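Engineer: how would this look folded up:
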Amino acid sequence: MSAYREEQDVLLTTKEKMVLKLVAEANTNKEVAAALGISPSTVKRHIENIFGKLRLRNRIEAAVYALRMKACPLALRAKDCPLATWQNGR
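Structural biologist: All right, here's what the predicted structure looks like:
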């Protein structure tokens, strides 16, 4: 069984993709907020949504995912994800 949900559940919003990209660049919530012109609490909520949608546990997993996906998981289906093997092994 895949660790990922169906394709429609894995899609990230544009803002979530932007947050994910900045997280992958090792930015703090405060830095991400400043870069996007939103509050740190909104950044935190976006990160929580990303974790839930992608079934990730922490910022490190999110950063690895973003880097492997080039911070653009929008069009990817779960079965096409190169991290599926890694996700299944945890």
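
Engineer: quick one: the helices in the protein, in order.
Structural biologist: In the chain, the helices defined using DSSP state H lie at 7-10, 14-24, 29-36, 40-54, 59-68, 84-89.

Engineer: with mean pLDDT and mean neighbour count added, can I get the ones you listed in JSON lines?
Structural biologist: All C-beta atoms are positioned from the backbone trio N, CA, C, and that covers glycine. Formatted as JSON lines, these follow (pLDDT from 0 to 100; neighbours: other CB atoms under 10 Å):
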{"stretch": "helix 7-10", "mean pLDDT": "48", "mean neighbour count": "12"}
{"stretch": "helix 14-24", "mean pLDDT": "92", "mean neighbour count": "20"}
{"stretch": "helix 29-36", "mean pLDDT": "97", "mean neighbour count": "16"}
{"stretch": "helix 40-54", "mean pLDDT": "96", "mean neighbour count": "17"}
{"stretch": "helix 59-68", "mean pLDDT": "87", "mean neighbour count": "17"}
{"stretch": "helix 84-89", "mean pLDDT": "55", "mean neighbour count": "12"}
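
Engineer: and the closest residue to Asn27 other than its chain neighbours, how close does it get to Arg55?
Structural biologist: Nearest non-adjacent residue to Asn27, counting by CB to CB, 6 or more residues apart in numbering: Ala35, 7.0 Å away. Ala35 is 26 Å from Arg55, where distance means CB to CB, to the nearest Å.

Engineer: and Thr14, by the same measure?
Structural biologist: On the measure of CB to CB, Thr14 and Arg55 end up 21 Å apart.

Engineer: ok, Pro40 next?
Structural biologist: Distance from Pro40 to Arg55, by CB to CB: 24 Å.

Engineer: what do you get for Val64?
Structural biologist: 13 Å.

Engineer: kindly report the same for Gly37.
Structural biologist: 29 Å.

Engineer: just want to know which of those two has more residues nearby.
Structural biologist: Using other CB atoms under 10 Å, the more surrounded residue of Gly37 and Arg55 is Arg55, with 17 against 7.
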